[in-house]
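Student: sequence and predicted structure, then a few things I'm wondering about:
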Amino acid sequence: QVQLVESGGGSVQDGGSLRLSCASSERAFSIYRMAWFRQAPGKEREFVATIGWTSGYTYYTDSVEGRFTISRDNVKNTMYLQMNSLKPEDTAVYFCAADSGESRIPNTDERRYAYWGQGTQVTVSS
């Protein structure tokens, strides 16, 4: 059972930066892909970015492309999300997720991911 713990959330001004971390509780040999999702108040959870655990292949939703960078440290079993040029519309609870192996479900679909963190709040004020 993979357990994920996010950290690094907080409150920043418009244009500020934050770095989120997602630590796995154990060496997860079965993980194929990890991702970040977010959920704003009153809205559905949405895809933000994804990274292949071995390949390092990344993909971003259009609204964060060029501002956010997803990365991972395989030795530390930790995934990161560097968020720059933050906007008020980025305000949300951010969740990290991991799958349990290869899947035909698209990388952007939350149904692909079997393991989830508890979420960390990011608030961007104007």
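Tutor: Perfect, I can see it now.
Student: can you pull out the low-pLDDT segments for the chain?
Tutor: 26-30 (pLDDT under 70).
Student: now the strands for it?
Tutor: Taking DSSP state E as the criterion, the chain contains strands spanning 4-7, 10-13, 18-24, 33-39, 46-52, 58-60, 68-73, 78-83, 92-98, 115-116, 120-125.
Student: okay, now the sheet partners of the fourth one, with direction.
Tutor: With DSSP bridges as the test, strand 33-39 is paired with strand 46-52 (antiparallel), strand 92-98 (antiparallel).
Student: what comes into contact with the first one?
Tutor: Here strand 46-52 makes contact (C-beta atoms under 8 Å, 6 or more residues apart in numbering) with 32-39, 57-61, 64, 68, 70-72, 79, 81, 94, 107-110. To be clear about C-beta, it is placed using only N, CA and C from the backbone, and glycine gets the same treatment.
Student: could you redo the last one with a cut-off of 6 Å?
Tutor: With contacts defined as C-beta atoms under 6 Å, 6 or more residues apart in numbering, strand 46-52 is touched by 33-38, 58-61, 64, 68, 70, 72, 107-108.
Student: how distant is it from the center of its chain?
Tutor: Remark: strand 46-52 is offset 6 Å from the chain centroid, using C-alpha atoms, centre = their mean, to the nearest Å.
Student: now the angle from it to strand 18-24?
Tutor: Computed with axes from the mean of the first three to the mean of the last three C-alpha atoms, to 10 degrees, the direction of strand 46-52 lies at 60 degrees from that of strand 18-24.
Student: buried residues, strand 46-52. List them.
Tutor: By 16 or more other C-beta atoms under 10 Å, the buried positions in strand 46-52 come out as 47-51.
Student: just to revisit the earlier point, of the contacts of strand 46-52, select the buried ones using a PyMOL command.
Tutor: Command for PyMOL that selects the buried part of those, burial taken from 16+ other C-beta under 10 Å:
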select buried, resi 33+34+35+36+37+38+59+60+61+64+68+70+72+107+108
